[in-house]
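> Generate coordinates for the sequence data below:
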Amino acid sequence: MTTAAASTPADLAAPPKHAQDHDSERHLYAASGARKTLICFIFLMLLPFYASLPFMLAMRISRGLVADSIGLGILALAFTGLMFWLLIIMMFSLRARVQLGEKDVFLTLPAGRGPTPMLNYKSYKLHYADIASVETRREIYGGSFVPVMMQGARLIMKDGTIIKLGYDAEHNNDQAFPYAEIAHAIARHAGVPVLDRGHVRRSYASKMLGFIAPADAAVTEDEIAAVNAGHNRFILVLTIALSTLVAIGLAKDLLNPPSSETAVIEGVEKPKKR
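Next comes the predicted model:
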């Protein structure tokens, strides 16, 4: 969970410190071989068990154990979400790639509109001379309870085409794809400015469905501070509530210790006295 944090426009437009050294600039952004291997290994290890869940459910239901299948059905739904998430991560690790050439940039990135990569990918070969500008902005998702701030970056071509690069989670960047660094590197090669579009509030559902944000969705620094304050209060209340429940449980165990009498197993016949 990432808390939205206020940033000045100068901070948004400034390139990351590790992206300002031209001599050590990266030219290839892709997942490492170890990351690809590990994610594929985990996915393939879980796949046989996941594939057996429908047969287990069908067998239980065919034998009339419908009530006993509810728990297994809930597990299957949770497992489906986990496997879909792993599939998205695996596809992203295997397919996503950004390569900076001398005159062109080669991109293979998720083609969806949402901040989370999905299964649809698109490849581009873009000439630096065709890039008009690079834009960045921060998008706030959620409310005061669980606010999440993502920094998005996109390319604006001279013909008006908009190409999304991706999103960085605030304070939790993917080192394989630091999109803020990539955006500044592309802008430096193309000789174009990096334009900061400020802060906007977005709905995650609307974003995933492709709806355009309303014009009045801009967020001021005061509103971000209010969101942070509400989030901090929510975390404080949640921490106190959980700590209270743990304390009550410990107190009950201390005040009512378990009986030291030996438990008698039901169904075991006691030996008869002679």
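
> so what secondary structure elements neighbour the helix or strand where residue 109 lies?
If you go by DSSP states H and E, residue 109 is part of strand 104-110. Secondary-structure packing of strand 104-110 (3 or more Cβ pairs under 8 Å, 6 or more residues apart in numbering; DSSP states H and E): strand 97-100, strand 121-127, strand 162-169. Every C-beta, even on glycine, is put in place using the N, C-alpha and C of the backbone.

> Show me what the last one pairs with in its sheet, parallel or antiparallel.
When you say that, I think you mean strand 162-169. strand 148-157 (antiparallel) (DSSP bridges).

> Where do the helices of this structure begin and end?
Secondary structure of the chain (DSSP state H): helices at 9-13, 33-62, 69-95, 179-190, 204-209, 221-255.

> So which of these is nearest residue 148?
Taking Cβ to Cβ, helix 204-209 is the member of those nearest to residue 148, at 8.4 Å.

> possible to save the helices and strands packed on strand 104-110 as a markdown table with mean pLDDT, distance to residue 55 and mean neighbour count?
What follows is the helices and strands packed on strand 104-110, written out as a markdown table (pLDDT from 0 to 100; distance: least, Cβ to Cβ, whole Å; neighbours: other Cβ atoms under 10 Å):
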| stretch | mean pLDDT | distance to residue 55 | mean neighbour count |
| --- | --- | --- | --- |
| strand 97-100 | 93 | 38 | 18 |
| strand 121-127 | 92 | 32 | 14 |
| strand 162-169 | 86 | 38 | 19 |
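
> Identify the residues contacting residue 158.
By Cβ atoms under 8 Å, 6 or more residues apart in numbering, residue 158 lies in contact with 130, 131, 132.

> isn't the first one right next to residue 156, touching?
What it means is residue 130. No - in this structure residue 130 lies outside contact range of residue 156 using Cβ atoms under 8 Å: 10.3 Å.

> Test my guess that residue 43 contacts residue 86.
Yes - between residue 43 and residue 86 a contact is recorded at 4.9 Å, counting by Cβ under 8 Å.

> tell me the contacts of the residue nearest to residue 157 when sequence neighbours are not counted?
With Cβ to Cβ, 6 or more residues apart in numbering as the criterion, residue 157 has its nearest non-adjacent residue at 5.5 Å, and that residue is residue 130. By Cβ under 8 Å, 6+ apart, residue 130 lies in contact with 157, 158, 159.

> Next, the last one: phi, psi?
Here is the backbone geometry of residue 159 (degrees, to the nearest 10): phi -90, psi 10.

> Model confidence for residue 268, exactly?
Predicted confidence (pLDDT) for residue 268: 49.

> looking at the helices and strands packed on strand 104-110, which is closest to residue 136?
Per Cβ to Cβ, nearest to residue 136 of these: strand 162-169, 9.2 Å.

> domains for this protein, by residue range?
Domain assignment for the chain by automatic domain parsing gives 9-30+129-224, 35-93.
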